[in-house]
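*Asks:* here's a sequence, model it:
(one chain, ligands or ions: 1)
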Amino acid sequence: MISDFTELTELAKKSQKSKMTVAAPYDSATLKAISLAEDKNLVEAVLIGDREKILAAAQEEDLTFDSDQIINKKDVGAAAGKAVKLVNQGEAEFVMKGLLSTSKLLKAVLDKEDGLRTSQLLSYVAVLDVPVLDRLLIMTDPAMNIAPDLEEKVQITENAITVAKSLGIDIPKVALLTAVEKVNPKMSATLEAANLAKMGDRGQIKGAKIDGPLAFDNAISMEAKEIKGIESEVAGQADVLVVPDIEAGNILYKSLTHLAKATIAGMLIGAAAPVVLSSRSDNYLNKLNSIILGKVLAKHMEE
Ligand code: COD
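*Replies:* So this is what the prediction gives:
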């Protein structure tokens, strides 16, 4: 089981180099992350976008890329389309977002002919290394699905279980987060959490131990679990946190990154291949972690 990003890098080094495409890599953090991933022999990148812009941004950081690894597409929508199409055609294993809006990349991913659409919902999964914890936390969905219903939460949970398994967690412990650990009919998130937990018990969601509703402290702290006397195989030791909606998730995610100084990797899951999608404001190390996670997940999906 992988417990930090150093171990994740070691895991990624064990498999053959992956080919990834990057749409509109015009910012220094993205280019630096790609260059570092190439130096570590993890990936071979195909950079797709306005060639002059890519080269100018690379030059600012003193980075060099071979001219034959750049495909010139001046329009960002066309760049996103080409980056996704190459993965669709099996020419690359996964795609990364550069400096373009998520909706442009999403449009390409969801394209019926050249995209990576599957029957599964697309959801955002973040992997966080929080300094006070001795294991990685997987959290979903802080960035894509706004107010998922029960059916969507099933798929969001399944997507996160896939990520957990790619990190070597055979039976991930999934906590369904709410404000309290008791079912309260006035709090709809607790009702959905209880439904999801029962679906986990009955094998309607497979491959994980799922429990909820659980408040954040009960999910991650053994001490809180014991004080509250909660009997659960998940409480106190959750690997995966499923949040009730985008507001709760985004605030939790940003609290962990800004106040608890978590380092992160993030991507969209549910497509035919991983879509590495970190925030524009992420630093190059977080983008590098995301590329490494993309590679590990792509290899896991091929198995
Ligand atoms: N998975 C698969 N397909 C999807 C998904 C999904 N999660 N979301 C939309 N689609 C498909 C639909 O099936 C349809 O074919 C097409 O996309 C358009 O569907 P709409 O009209 O419902 O989609 P939009 O464009 O209204 O909404 C999609 C967004 C991702 C834009 C929307 O969910 C959104 O705004 N999410 C929040 C993004 C955000 O602001 N994040 C902030 C933190 S970074």
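*Asks:* residues of stretch 63-76 that come out buried?
*Replies:* 63, 65, 70, 71, 73, 76 (16 or more other Cβ atoms under 10 Å). C-beta: built from backbone N, CA, C; applies to glycine.
*Asks:* looking at those, which is nearest the ligand?
*Replies:* residue 76 (16.4 Å; Cβ to the nearest ligand atom).
*Asks:* residues contacting the closest one?
*Replies:* 23, 24, 49, 100, 104 (Cβ atoms under 8 Å, 6 or more residues apart in numbering).
*Asks:* narrow those to those in strands?
*Replies:* 23, 49 (DSSP state E).
*Asks:* can you report how many residues neighbour the residue of the stretch 1-150 of the chain found nearest the ligand?
*Replies:* The ligand sits closest to residue 122 of the stretch 1-150 of the chain, with a gap of 3.4 Å, by Cβ to the nearest ligand atom. The tally of other residues near residue 122 (other Cβ atoms under 10 Å) stands at 22.
*Asks:* isn't it right up against residue 274?
*Replies:* No. If you go by Cβ atoms under 8 Å, residue 122 and residue 274 don't touch, sitting 11.0 Å apart.
*Asks:* give me the common contacts of these two.
*Replies:* Between them, residue 122 and residue 274 share these contacting residues under Cβ under 8 Å, 6+ apart: residue 268.
*Asks:* just put the contacts of residue 76 in JSON lines and tack on neighbour count and distance to the ligand.
*Replies:* Compiled in JSON lines, the contacts of residue 76 are given as follows (neighbours: other Cβ atoms under 10 Å; distance: Cβ to the nearest ligand atom, whole Å):
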{"residue": "23", "neighbour count": "28", "distance to the ligand": "16"}
{"residue": "24", "neighbour count": "28", "distance to the ligand": "17"}
{"residue": "49", "neighbour count": "28", "distance to the ligand": "21"}
{"residue": "100", "neighbour count": "20", "distance to the ligand": "14"}
{"residue": "104", "neighbour count": "19", "distance to the ligand": "11"}
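*Asks:* on that earlier part again, please list the members of the buried residues of stretch 63-76 that lie in strands.
*Replies:* Short answer: the buried residues of stretch 63-76 in strands (DSSP E) are 70, 71.
*Asks:* for the nearest residue to residue 25 once chain neighbours are set aside, give me the pLDDT.
*Replies:* The shortest distance from residue 25 to any non-neighbouring residue, by Cβ to Cβ, 6 or more residues apart in numbering, is to residue 98 (3.8 Å). pLDDT recorded at residue 98 is 96.
*Asks:* now do residue 281
*Replies:* 80.
*Asks:* could you measure from it over to the ligand?
*Replies:* 10 Å (Cβ to the nearest ligand atom, to the nearest Å).
*Asks:* residue 118 is in what secondary structure piece?
*Replies:* Applying DSSP states H and E as the criterion places residue 118 outside every helix and strand.
*Asks:* what number of residues are in the vicinity of it?
*Replies:* 11.
*Asks:* my guess is it contacts residue 270, does it?
*Replies:* Yes. Residue 118 is within contact range of residue 270, at 6.6 Å (criterion: Cβ under 8 Å).
*Asks:* which bits of the stretch 101-250 of the chain sit near the ligand?
*Replies:* 103, 106, 110, 121, 122, 143, 144, 145, 146, 250 (Cβ under 6 Å from any ligand atom).
*Asks:* at 8 Å what do you get?
*Replies:* Within the stretch 101-250 of the chain, the residues that sit near the ligand (Cβ under 8 Å from any ligand atom) are 102-103, 106, 110, 117, 120-124, 142-146, 152, 246, 250.
*Asks:* of those residues, keep whichever come out buried.
*Replies:* 102, 106, 117, 121, 122, 123, 124, 142, 143, 144, 145, 246.
*Asks:* from residue 96, how far out is the nearest residue in space to the second one that is not next to it in sequence?
*Replies:* Right, residue 106. What sits nearest to residue 106 in space, not counting adjacent residues and going by Cβ to Cβ, 6+ apart, is residue 122, at 7.7 Å. Distance of residue 122 to residue 96, given as Cβ to Cβ, to the nearest Å: 15 Å.
*Asks:* what segments of the chain are helices?
*Replies:* Secondary structure of the chain (DSSP state H): helices at 5-13, 28-39, 51-60, 76-88, 102-110, 150-166, 188-201, 216-220, 222-228, 246-258, 284-302.
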